[in-house]
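[1] got a predicted structure here, sequence first:
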Amino acid sequence: MAIKTISLLALLSIAFLASADEGSGVLVLTDATVDKAIADNQNILVEFYAPWCGHCKRLAPEYDRAATLLKERGSKVAIAKVDATVEQQAASSRQIRGYPTLIFYQNGRELEKYEGARTAEAIADYLQAKAGEKRVEL
């Protein structure tokens, strides 16, 4: 009985660690979950941020909206974020030097850093183009 309880708690904690951010669709990743999320998603944009960073604070609502737009458009592209001040191993292994840093991964490999406009529409359009998805007008 105790082993079953421990196993269930372990599964629940893993699910919580890679949870979506307050219904926006943005995955919240940790040192323990970032590699799996990159491997499990054919196309994923990962933001490495610092909570105190002004640029990150301005990006946050647009990033959340981009995830919502992708969901509404039926996209299969994932959007995730990593608090680089807490999840230091994930950030240092990717040589993150500034915030926010947005990296697009395709098929488990880093393809490029996102340097485009920081609006929901621009981010969603970029991701769908990279994934080869047609944009669906709403």
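    That came through, no problem.
[2] shaky segments in the chain?
    Screening the chain residue by residue with the criterion pLDDT under 70, one finds the ranges 1-23, 135-138.
[3] in it, which residue is closest to the centre?
    With distances taken as CA atoms, centre = their mean, the residue of the chain nearest its centroid is residue 80 (0.9 Å).
[4] before we move on, what SS does it have?
    The assignment at residue 80 comes out as strand when based on DSSP: H, G, I helix; E, B strand; the rest coil.
[5] again, but for the one 5 residues further on
    Counting by three-state DSSP, the backbone at residue 85 sits in coil.
[6] and the residue lying closest to it once chain neighbours are set aside, what does it touch?
    Leaving out its chain neighbours, the residue that sits closest to residue 85 by CB to CB, 6 or more residues apart in numbering is residue 50, at 5.0 Å. All C-beta atoms are positioned from the backbone trio N, CA, C, and that covers glycine. Taking CB atoms under 8 Å, 6 or more residues apart in numbering as the contact definition, residue 50 lies against 56, 83-85, 99.
[7] still on that earlier bit, hmm, the residue nearest to the centre of the chain is touching residue 26, no?
    Yes - between residue 80 and residue 26 a contact is recorded at 6.5 Å, counting by CB atoms under 8 Å.
[8] tell me the secondary structure for residue 110?
    The assignment at residue 110 comes out as strand when based on three-state DSSP.
[9] what's the longest helix seen in the chain in contact with?
    When the chain is scanned for its longest helix (criterion: DSSP state H), the result is helix 54-72. Identification of contacts with helix 54-72 by CB under 8 Å, 6+ apart yields 21, 24-26, 47, 49-50, 77, 79, 81, 99-100, 118-121, 123-124, 127-128, 138.
[10] how far out from the middle of the chain is it?
    Its chain's C-alpha centre lies 11 Å from the corresponding centre of helix 54-72 when counted by CA atoms, centre = their mean, to the nearest Å.
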